[in-house]
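Chemist: Output the structure for:
(2 chains)
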Amino acid sequence: DAMVIQNPRYQVTQFGKPVTLSCSQTLNHNVMYWYQQKSSQAPKLLFHYYDKDFNNEADTPDNFQSRRPNTSFCFLDIRSPGLGDAAMYLCATSTRTSGREKYFGPGTRLTVT
Amino acid sequence: GQQVMQIPQYQHVQEGEDFTTYCNSSTTLSNIQWYKQRPGGHPVFLIQLVKSGEVKKQKRLTFQFGEAKKNSSLHITATQTTDVGTYFCAYSNDYKLSFGAGTTVTVRA
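Modeler: I've put the predicted structure just below:
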């Protein structure tokens, strides 16, 4: 089945130790997103790729970076995780057409110790 | 920028009863999407509304888009335990999806 896959599902990292979260999709969608969701809050968009074009949200900290080496894969790099970065990180995809539904992966829950 | 406000934040429902969650914007929206997130899960797309006054039904769920395209509602009839979760409205603008705060629903059996 076509889907959005995130690995790992749970990630524990130490304060200040770089960490990379990965997302892959078999939907062949052009647009890929990274959202951060903290407990009892709505998902917050960090950035998105339209094909290879990277679009950063204005309030996304510089500590967060992303890479999209090909259509199928997208990575979220947190260069120096702080305690406040502990959250669920959701990857999502959508088709080229603006306004279409988003398909979310199961998420990676990040713990910072 | 545009923001959508959702009320109530929490909804405690007796099994079998109906409830409604509301989504409001101060500006006209080109579309509204609804997502459901089960506890411990990820958001799952339910529906998109784009036309003024549009009403769509999915079994016990009824979605409505206001005439002015500034508000939307989700009405669930005969609530079941499977309806537990957080319901988000969201608007899609230029490929980006912005969520309301969500309504978290719990069900008393």
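
Chemist: Quick check: B:E17 is in a strand.
Modeler: No. The assignment for B:E17, made by DSSP: H, G, I helix; E, B strand; the rest coil, is coil rather than a strand.

Chemist: can you count the residues close to A:S39?
Modeler: Around A:S39 there are 7 other residues, counting by other C-beta atoms under 10 Å in any protein chain shown. For the C-beta atoms, the positions are set from N, CA and C on the backbone; glycine is no exception.

Chemist: Can you name the residues that contact it?
Modeler: If you count contacts by C-beta atoms under 8 Å, 6 or more residues apart in numbering or on different chains, A:S39 has them with A:A87.

Chemist: Which helix or strand contains it?
Modeler: Using DSSP states H and E, A:S39 is not contained in any helix or strand.

Chemist: A:Y35 too?
Modeler: A:Y35 belongs to strand A:31-37, assigned by DSSP H and E.

Chemist: what's in contact with that strand?
Modeler: Contacts of strand A:31-37 (C-beta under 8 Å, 6+ apart): A:23, A:25, A:43-51, A:64, A:66, A:68, A:74, A:76, A:87-96, A:102, A:104, A:107, B:95-97.

Chemist: out of these, which are buried?
Modeler: A:23, A:25, A:43-50, A:64, A:66, A:68, A:74, A:76, A:87-95, A:102, A:104, A:107, B:95-97 (16 or more other C-beta atoms under 10 Å in any protein chain shown).

Chemist: Among those, which lie within strands?
Modeler: Among those, the residues falling in strands (DSSP state E) are A:23, A:25, A:44-50, A:64, A:66, A:74, A:76, A:87-94, A:104, B:96-97.

Chemist: The helix or strand hosting B:Y35: which residues count as buried?
Modeler: Here B:Y35, judged by DSSP H and E, is contained in strand B:32-37. Neighbour-count burial for strand B:32-37, counted by 16+ other C-beta under 10 Å, picks out B:32-37.

Chemist: In a markdown table, list those residues along with pLDDT and distance to chain A.
Modeler: Putting the buried residues of strand B:32-37 into a markdown table (pLDDT from 0 to 100; distance: C-beta to the nearest C-beta, whole Å) gives the following:
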| residue | pLDDT | distance to chain A |
| --- | --- | --- |
| B:I32 | 95 | 10 |
| B:Q33 | 95 | 6 |
| B:W34 | 97 | 10 |
| B:Y35 | 97 | 8 |
| B:K36 | 98 | 11 |
| B:Q37 | 98 | 9 |
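
Chemist: Tell me the one among these nearest to A:R9.
Modeler: Checking the buried residues of strand B:32-37 against A:R9 with C-beta to C-beta, the nearest one is B:Q37 at 15.9 Å.

Chemist: correct me, but B:K51 touches B:E67?
Modeler: No. If you go by C-beta atoms under 8 Å, B:K51 and B:E67 don't touch, sitting 10.1 Å apart.

Chemist: Show me which residues of chain B sit near chain A.
Modeler: B:30-31, B:33, B:41-45, B:48, B:50, B:88, B:92-102, B:104 (C-beta under 8 Å from any C-beta of the partner chain).
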